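Asker: Pasted the sequence and its predicted model underneath.
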Amino acid sequence: MKLLIFTAILSITLYGAFAQNTHADSSKTKSDSTKEKGFKLTVGYGDEAEHRWPKDTTYHSKAYPKFSFGLTFSRFDLGLATLVDNGSFTLSPQNQFLRYRSWKTSNVGFDLVQMGVRFNPNFKIYLSGGFDWTLIRLRDDITILPNQPVLTYRQDNIDYSKNRFSSTYLRIPLSFDFRTNENSEGKRAHFVIGPDGGFLLGGRVKQISKENGKQKIDDDYHFTHFRYGGFVRFGYGDMGIFAKYYFNDMFENSPEQKGLKNFSFGFTLGF
């Protein structure tokens, strides 16, 4: 989570730096009937803040398709994560050690870079990259053990005030954004759907107890190294809701967890 806070601060800092330059050039931009084609860097969330480095070729401001690539701080997801065990929300007997506190098991993620093509005012395709965390708050006083041939746990005689089992992924979603025209307030509705892939960056067990204080143990914990699934987002303006489901198993090389999948839903900020 320290990485999340750091990247958020970095994105806001970049936004402030580029927004100042953009404001200074705004009067000049409005006076031109054409814009210069070139690299566009987007800083902020959604399509709001832009800064352009021009090249030689010019094009009319309404020409399509329009290509863009740049930094962003968008699609900030905050929601609940749910384990789906072979199609059921009830864990099977061999997975009971993963019992979790539903309202404290969360999914957090955001995008930091994106490239896209806008075909018209109402349809856009973009590929983005960012980070995604699944934070499972375990109910039982157990320790998920690192460096084991399969997912393995140990029952402890310790009362943990926090026992969290988490994974971190580099997420790479491909978004198909269907959107309405802007209204008088400059807002529009969005319906976004697409596939989502992710590469494992690491797993972690974090425990807090009176006996041992705060402990953090990093390992891959047999989390699948590449996951793939789909997502849907719906919203108005900058606010919306999301749902994500991953088609392959959460864990690999651990037969007892075959069929255990990850589903999450919640609120999203920035389109």
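Answerer: All right, it came through fine.

Asker: From now on I want contacts and neighbour counts done on CA atoms only, so please keep to that.
Answerer: OK.

Asker: what's the burial count for the residue lying closest to residue 237 once chain neighbours are set aside?
Answerer: Here the nearest residue to residue 237 in space, its sequence neighbours aside, is residue 187; by C-alpha to C-alpha, 6 or more residues apart in numbering that works out to 4.8 Å. Look at residue 187: counted by other C-alpha atoms under 10 Å, it has 13 neighbours.

Asker: wait, isn't residue 187 in contact with residue 239?
Answerer: No - between residue 187 and residue 239 there is no contact under C-alpha atoms under 8 Å: 10.5 Å.

Asker: Would you map the helices across the chain?
Answerer: For the chain, helices defined by DSSP state H occupy the ranges 2-24, 26-31.

Asker: where does residue 236 sit relative to residue 204, distance-wise?
Answerer: 35 Å (C-alpha to C-alpha, to the nearest Å).

Asker: who's more crowded, the two?
Answerer: Per other C-alpha under 10 Å, whichever of residue 236 and residue 204 has more neighbours is residue 204, with 19 against 16.

Asker: ok, now which ones touch the more buried one?
Answerer: Shown in contact with residue 204 (C-alpha atoms under 8 Å, 6 or more residues apart in numbering): 164-167, 216-221.

Asker: And stretch 118-138, what's buried?
Answerer: By 16 or more other C-alpha atoms under 10 Å, the buried positions in stretch 118-138 come out as 118, 123-138.

Asker: Strands - which of these land there?
Answerer: Judged by DSSP state E, these include 118, 123-137 as members of strands.

Asker: between the contacts of residue 204, which is closest to residue 109?
Answerer: Ranked by distance to residue 109 (C-alpha to C-alpha), the contacts of residue 204 are led by residue 167 at 11.6 Å.

Asker: who's the nearest residue to the closest one once chain neighbours are set aside bridged to?
Answerer: With sequence-adjacent residues excluded and distances taken as C-alpha to C-alpha, 6+ apart, residue 167 is closest to residue 203, at 4.3 Å. Applying DSSP bridges to residue 203 gives these bridge partners: residue 167, residue 219.

Asker: Kindly report the same for the one 4 residues further on.
Answerer: Bridge pairing for residue 207 (DSSP bridges) gives the partners residue 163, residue 215.

Asker: For it, give me its contacts.
Answerer: Applying C-alpha under 8 Å, 6+ apart to residue 207 gives the contacts 160-164, 213-216.

Asker: mind listing what's buried in stretch 175-189?
Answerer: Under the neighbour-count criterion of 16+ other C-alpha under 10 Å, stretch 175-189 has 175-179, 188-189 buried.

Asker: what's the answer for stretch 158-165, then?
Answerer: Neighbour-count burial for stretch 158-165, counted by 16+ other C-alpha under 10 Å, picks out 160, 163-165.

Asker: try stretch 140-160
Answerer: Quick answer for stretch 140-160 (16+ other C-alpha under 10 Å): 140-146, 150-151, 160.

Asker: and if you look at stretch 85-105?
Answerer: Buried-residue list, stretch 85-105, by 16+ other C-alpha under 10 Å: 85, 91-92, 97-98, 100, 105.

Asker: of all those, which comes closest to residue 67?
Answerer: The closest of the buried residues of stretch 85-105 to residue 67 turns out to be residue 105 (C-alpha to C-alpha; 37.9 Å).

Asker: Now that closest one: phi and psi?
Answerer: Backbone geometry at residue 105, expressed as degrees, to the nearest 10, gives phi -100, psi 110.

Asker: what's it in contact with, if anything?
Answerer: Shown in contact with residue 105 (C-alpha under 8 Å, 6+ apart): 80-82, 134-137.

Asker: Same question for residue 98.
Answerer: Neighbour list for residue 98: 91, 138-140 [criterion: C-alpha under 8 Å, 6+ apart].

Asker: Dump those residues to TSV, plus distance to residue 73 and pLDDT.
Answerer: TSV is the format used below for those (distance: C-alpha to C-alpha, whole Å; pLDDT from 0 to 100):
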residue	distance to residue 73	pLDDT
91	35	98
138	30	98
139	33	98
140	36	98
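
Asker: Throw these into TSV and include distance to residue 63, thanks.
Answerer: What follows is the contacts of residue 98, written out as TSV (distance: C-alpha to C-alpha, whole Å):
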residue	distance to residue 63
91	53
138	53
139	56
140	59
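
Asker: and of those, the nearest to residue 195?
Answerer: Nearest to residue 195 among the contacts of residue 98: residue 91, at 26.3 Å, using C-alpha to C-alpha.

Asker: That concludes my questions; thank you for your assistance.
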